[in-house]
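A.B. asks: Requesting a structural model of the entry that follows:
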Amino acid sequence: MTKLSDTPNRFGLVSRIFHWGMAALFAMQFLSAAAHWALPRENALRETLWSYHTNLGATLFMLVLLRGIWGLLNMKNRPAHVGGVMGKAAKFGQAGLYAFMIIVPAVRLLAAFGSKRGFSYFGMQVFPPRETAIAWTQAAAEWHGEMGWILVALVLGHIAMAIVWHRLIQRDDVLKRMA
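C.D. replies: Reported below is the predicted structural model:
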């Protein structure tokens, strides 16, 4: 039987579901952003992919928070990072991933809170529209897209390190702990 919680040798079922489920959702989110950026306006594919971007982003924000809580609850049982410079780089990279997974949607939600459009999550009103936008809430959101592309770079770096460093160079069992 698969353990739900993490152990020093392997991530538990809940951590693995969070990891791989969120990986699939982030891939969809990045695809919607790439299509929005690359395809011309009035393109049906662009509009279809973009239509779920906001709800998916809010869902991912909630999942990141839940995953963070789960990770903190399992901290003492989790597999240890490799030591040395690469271990420190891995911890720094993971911290960057989590920081951007929180900051990118948070600035957009803050902007929605202070906007004339408000924010609905799957049709449920979360933030009502305002008559006048709150300027300071809009400022950070101007960087939402750029920070999203930084998050893409961090995710690609995470994947590259897992495949190139751990699988091809080190040939260790790090990937098996999350598989």
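A.B. asks: quick one: secondary structure of the residue of the chain most remote from its centre?
C.D. replies: Centroid-distance maximum for the chain: Glu131 at 31.7 Å, with Cα atoms, centre = their mean. Classification of Glu131 using DSSP: H, G, I helix; E, B strand; the rest coil returns coil.
A.B. asks: Can you read off the pLDDT for it?
C.D. replies: You'll see Glu131 listed with a pLDDT of 96.
A.B. asks: same deal with the one 4 residues further on?
C.D. replies: Note on Ala135: pLDDT of 93.
A.B. asks: could you pull out the helices for this structure?
C.D. replies: 13-38, 44-51, 53-73, 84-113, 135-139, 144-160, 174-178 (DSSP state H).
A.B. asks: Distance from the fifth one to the middle of the chain?
C.D. replies: Distance of helix 135-139 from the chain centroid (Cα atoms, centre = their mean, to the nearest Å) equals 23 Å.
A.B. asks: same thing with the second one?
C.D. replies: For helix 44-51, the distance between its averaged C-alpha position and the chain's averaged C-alpha position is 21 Å (Cα atoms, centre = their mean).
A.B. asks: Sounds good, over and out.
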